[in-house]
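**Student:** Requesting a structural model of the entry that follows:
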Amino acid sequence: MIINNQEYQVHGLKYTIRSAFETDAETLSDLRLQIDGETEYMDRERGEGFINAEGFEQLIKSDSESAKNIFLVAVVDGRIVGYSRCEGSNLKRLAHKVEFGICVLKDFWGYGMGRNLLKESVAWADFNGVKKMNLHVLEINTKAIQLYEMFGFTVEGVLKNDKLLSDGKYYNTIVMGRWNSKN
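**Tutor:** Prediction:
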């Protein structure tokens, strides 16, 4: 699905949140690789689960055509610095919900991009009759957990010792969900 561009200014930084276009594919492939190398909050290490430009083109094309998916990007001065994606299912028993994920370059943390990508995704979900949004977040990513809670997400479970990080320790993954009873 495609949304209208949304303009934001936070702490003096102007940026736009818009739908991803197929022409963004190469940039998104590079961006994902960079973000995966900047933080251990992601599921992957740099280079793992690599998606090339053609793979992103296909994702963006299918998401743009599907009422069950949305792919958003955050853009500063023409440069994509973050993205989020909601992916729904065509299976009847799962058609009421979407899985949500978000990534922002570390240099752009603190400008509300994650919050505004989430805000736009929640607004899209509510408008389109999505009953439930799900996400996974590493237990040590406390800022993200607080943000999700501000938008009505609650803890639904804990995947114990789910991720092995570079310090050699295992960490829990928190499963969170947001139920929209208005739809």
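**Student:** Leaving out chain neighbours, which residue sits closest to the spatially most central residue of the chain?
**Tutor:** Nearest to the geometric centre of the chain sits residue 102, at 2.2 Å (Cα atoms, centre = their mean). Nearest non-adjacent residue to residue 102, counting by Cβ to Cβ, 6 or more residues apart in numbering: residue 84, 4.2 Å away. Placement of C-beta: from N, CA and C, glycine included.
**Student:** other SSEs contacting the strand or helix carrying that neighbour?
**Tutor:** Per DSSP states H and E: residue 84 is located in strand 79-88. If contacts are counted by 3 or more Cβ pairs under 8 Å, 6 or more residues apart in numbering; DSSP states H and E, strand 79-88 sits against helix 25-38, helix 53-65, strand 70-76, strand 97-104, helix 113-127.
**Student:** The fourth one pairs with which strands?
**Tutor:** Strand pairing for strand 97-104, determined by DSSP bridges: strand 79-88 (antiparallel), strand 132-138 (parallel).
**Student:** just to revisit the earlier point, report the contact partners of the residue nearest to the centre of the chain.
**Tutor:** Contacts for residue 102 (Cβ atoms under 8 Å, 6 or more residues apart in numbering) come out as 82-84, 114, 117-118.
**Student:** Most widely separated two among these?
**Tutor:** 83 and 118 (12.0 Å; Cβ to Cβ).
**Student:** Can you name the residues that contact residue 88?
**Tutor:** 66, 68-69, 94-95, 97-98, 130.
**Student:** And for the residue nearest to it when sequence neighbours are not counted, the neighbour number?
**Tutor:** Leaving aside its chain neighbours, residue 88 sits nearest to residue 68 (2.9 Å; criterion: Cβ to Cβ, 6+ apart). Neighbour count of residue 68, defined by other Cβ atoms under 10 Å: 18.
**Student:** tell me the phi and psi of residue 68?
**Tutor:** The phi and psi values for residue 68, taken as degrees, to the nearest 10, are phi -100, psi -10.
**Student:** Could you double-check that it lies in contact with residue 94?
**Tutor:** No: using Cβ atoms under 8 Å, residue 68 is not in contact with residue 94, being 9.9 Å away.
**Student:** If anything else comes up later, I'll come back, but that's it for now.
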